[in-house]
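Participant: coordinates for the following, if possible.
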Amino acid sequence: MPPRDVFVYTGLVDAYAKAGDMAASRKVFDGMPSPDAASWNALLVGYARNKMCLEAFPVFRELAGQGWEVLLGQVSVSKCAERLLLGGHGEI
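Facilitator: As a prediction, this is how the structure comes out:
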């Protein structure tokens, strides 16, 4: 995939996530041959933004398992953890 296509795919991942359609966001992400750091972050932030914390944690583990810097999704995962600690567990 030419590098510029990564930007297009990442933009779609982000746009679907902002629209609340995480199924479409994940489908686009899964279709990317070589997601980059921004792509992973767009997916993680999308899950956090849509209060889908349980779905974010496996993505975070997959990210770390592929050798990416674990700190990349720290903010997203922290938001999810905060929601859990502050009583947001009913939303998950």
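
Participant: residue ranges with poor pLDDT in the protein?
Facilitator: 1-4, 69-92 (pLDDT under 70).

Participant: who touches the lengthiest helix in the chain?
Facilitator: Scanning the chain for the longest helix, with DSSP state H as the assignment, gives helix 3-18. Contacts to helix 3-18, defined as C-beta atoms under 8 Å, 6 or more residues apart in numbering, come from residues 22, 24-25, 28-29, 31-32, 34-36, 38-39, 42-43, 45-47, 49-50. Backbone N, C-alpha and C define where each C-beta goes, glycine included.

Participant: and these, which are buried?
Facilitator: For the contacts of helix 3-18, a burial check counting by 16 or more other C-beta atoms under 10 Å picks out 22, 25, 28-29, 32, 35, 38-39, 42-43, 45-47, 49-50.

Participant: nearest to Trp68, of these?
Facilitator: Pro35 (9.4 Å; C-beta to C-beta).

Participant: need the nearest residue in space to that closest one, chain neighbours excluded.
Facilitator: Phe29 (6.3 Å; C-beta to C-beta, 6 or more residues apart in numbering).

Participant: give me the element the one you found is part of.
Facilitator: Following DSSP states H and E, one finds Phe29 within helix 22-30.

Participant: other residues contacting that helix?
Facilitator: 9, 12-14, 16-17, 35, 39, 42-43, 46-47, 50, 52, 55.

Participant: and the nearest residue to Glu55 once chain neighbours are set aside, how far from Phe7?
Facilitator: Nearest non-adjacent residue to Glu55, counting by C-beta to C-beta, 6+ apart: Tyr47, 5.0 Å away. Noted for Tyr47: a distance of 21 Å to Phe7, by C-beta to C-beta, to the nearest Å.

Participant: and what of Val59?
Facilitator: 20 Å.

Participant: compare these two (neighbour count), which wins?
Facilitator: The neighbour comparison of Val59 against Phe7 (other C-beta atoms under 10 Å) goes to Val59, with 20 against 13.
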